[in-house]
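1. Mind folding the following:
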Amino acid sequence: GCISLPRKLSIGRDGGLCIQPVQDLKTLYKDTQKVTLRIGDNHAGKLATMRIHDLCGSLHVTQRHGTPNGFEINLVEEGSADVPFATLQYDPTKTGQELTVNGTSAPLHLTGEQPAISAYLDGSVLETYANDRACITSRIYTKPTKPLLVIINGSSGEARPSLQVIVNRVKPISNNRLTT
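-> Below is the predicted model of the structure:
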């Protein structure tokens, strides 16, 4: 099994269950990098300095405007761009499987909202939250030796929405993690 981050459960305005990581996790943030990208543009330069170090960090991607478009986020070990360490996808055309993390899917029905995905990596555990409605926890059994790069691909279309990307270095929850 794996241990998940503390979560806050509540009832949303629509009467459905909401799930969020607790706000206290922000006390573990060491530093923050933020960039805004436009889907379809070459944004490798803007992401070039974003890294998740020591298998411990958080990543937040929010579409800023327009019709929700699909996008894919890959965390890739520096120097080995061919095999992702982790892949997170949002695809509004896959009904009932709009959110996918490392091959595991969950429904994410957005009505008039923009997709907002937050992922927390601590050692071998990756927890991904989307719009306070879906959460996928996964264990990753590979251990990269270098920092992880953030690579984002999106569906380019007429709207070409922008994405806000935030990466935080995070203090490990436990020094005795499986991967240390």
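2. Can you pull up the most central residue in the chain?
-> By Cα atoms, centre = their mean, the chain has its centre lying nearest to residue 119, at 3.5 Å.
3. Could you pull up the contacting residues of the nearest residue to residue 96 once chain neighbours are set aside?
-> Leaving aside its chain neighbours, residue 96 sits nearest to residue 107 (4.8 Å; criterion: Cβ to Cβ, 6 or more residues apart in numbering). The way it works is simple: take the backbone N, C-alpha and C, and place the C-beta from them, glycine included. Contact partners of residue 107, counting by Cβ atoms under 8 Å, 6 or more residues apart in numbering, are 95, 96, 97, 98, 99, 134.
4. Same check on residue 94?
-> 100, 105.
5. Repeat that for residue 85.
-> 75, 76, 77, 140, 142, 144, 148.
6. and the helix or strand that it is a member of, which strands flank it?
-> In this assignment (DSSP states H and E), residue 85 forms part of strand 84-90. Partners of strand 84-90 in the sheet, by DSSP bridges, are strand 71-77 (antiparallel), strand 99-101 (antiparallel).
7. where does this protein have its least confident helix or strand?
-> helix 44-47 (a mean of 68; mean pLDDT, DSSP states H and E).
8. Can you name the next helix or strand after that one?
-> Taking DSSP H and E, what comes next after helix 44-47 is strand 51-52.
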